[in-house]
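Peer 1: Give me coordinates for this.
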Amino acid sequence: MHPLRAATVALLGVLAGCATSEPTGKNPSIPSAAAASQLRPGDSLTIAIIGVPDPSTNNVEIDDQGIISLPYIGTVKASGETTGGLTQRIREEYVDKKIYTSVDISVSVTERYVYVGGEVEKPGRIIWTPDLTAAKAVQAAGGFTLYAKEDKVSVVRNQILYDVDIKLAQKSPSQDPRLEPGDSIQVPRSAF
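Peer 2: Numbering: from 1, shown residues only. You can find the predicted model right below:
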């Protein structure tokens, strides 16, 4: 074989090897943030105050400090509580502040969210469901933009960053980490 032809064949072999970027490896195992029943900042709640002369239903969202605000009693810490624990805390606040002598409280979670930003078509918050994974969250945000770096997507949970390869997650569903309410996904821009 002619030396130039041999060099060309070798170069094509190298280039062909570079062209197939099959995802390999393993995505990190992301530890659970807390018990799924615990309330978190960003959770939307419906709180019904019943059994009193002026019953009301209040739609509130837990703020970044983990606080909600209710009529007559003001702020109540909600994050870290279960719905049952928050129900008891609200009931005690109304009775301790002598607003009501007896009150029935009902707390229910209406929506929980995951946040997706960066190089996706529709950045913002999406509604969390128990089967939501990193790849599904990106799809729910409209998919990647043309410039997205799909193999180094950041998932932030409890202020800890985990790099996830979404290409690998799409190829192997066992490598697609489940998300929890309050998680944040950031899709970086590719260098090219």
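Peer 1: what pLDDT does Gln159 get?
Peer 2: pLDDT, Gln159: 83.
Peer 1: in what helix or strand does Gly117 lie?
Peer 2: For Gly117, the enclosing helix or strand under DSSP states H and E is strand 113-118.
Peer 1: Could you give me the buried positions within that strand?
Peer 2: Tyr113, Val114, Tyr115, Val116, Gly118 (16 or more other CB atoms under 10 Å). In this view, the C-beta of every residue, glycine as well, is placed from N, C-alpha and C.
Peer 1: repeat for stretch 162-177
Peer 2: Those would be Tyr162, Val164, Asp165, Ile166, Lys167, Leu168, Ala169, Gln170, Gln175, Asp176, Pro177, for stretch 162-177 by 16+ other CB under 10 Å.
Peer 1: now stretch 174-190
Peer 2: Gln175, Asp176, Pro177, Leu179, Glu180, Pro181, Gly182, Asp183, Ser184, Ile185, Gln186, Val187.
Peer 1: Report the strands that pair with the strand holding Gly117, each with its relative direction.
Peer 2: According to DSSP bridges, strand 113-118 forms sheet pairs with strand 124-127 (antiparallel), strand 184-187 (parallel).
Peer 1: which residues sit against that strand?
Peer 2: 42-43, 123-128, 132, 137-138, 140-141, 148, 179-189 (CB atoms under 8 Å, 6 or more residues apart in numbering).
Peer 1: what mean pLDDT does it have?
Peer 2: On average, the pLDDT along strand 113-118 is 94.
Peer 1: CA atoms only for that strand, dumped as CSV, please.
Peer 2: Provided in CSV are the C-alpha atoms of strand 113-118 (Å, rounded to 0.1, in the frame of the first residue of the first chain):
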residue,chain,number,x,y,z
TYR,A,113,-41.5,22.4,41.9
VAL,A,114,-38.2,21.7,40.3
TYR,A,115,-36.2,24.5,38.6
VAL,A,116,-34.6,24.2,35.2
GLY,A,117,-32.3,26.9,33.8
GLY,A,118,-29.5,27.6,31.4
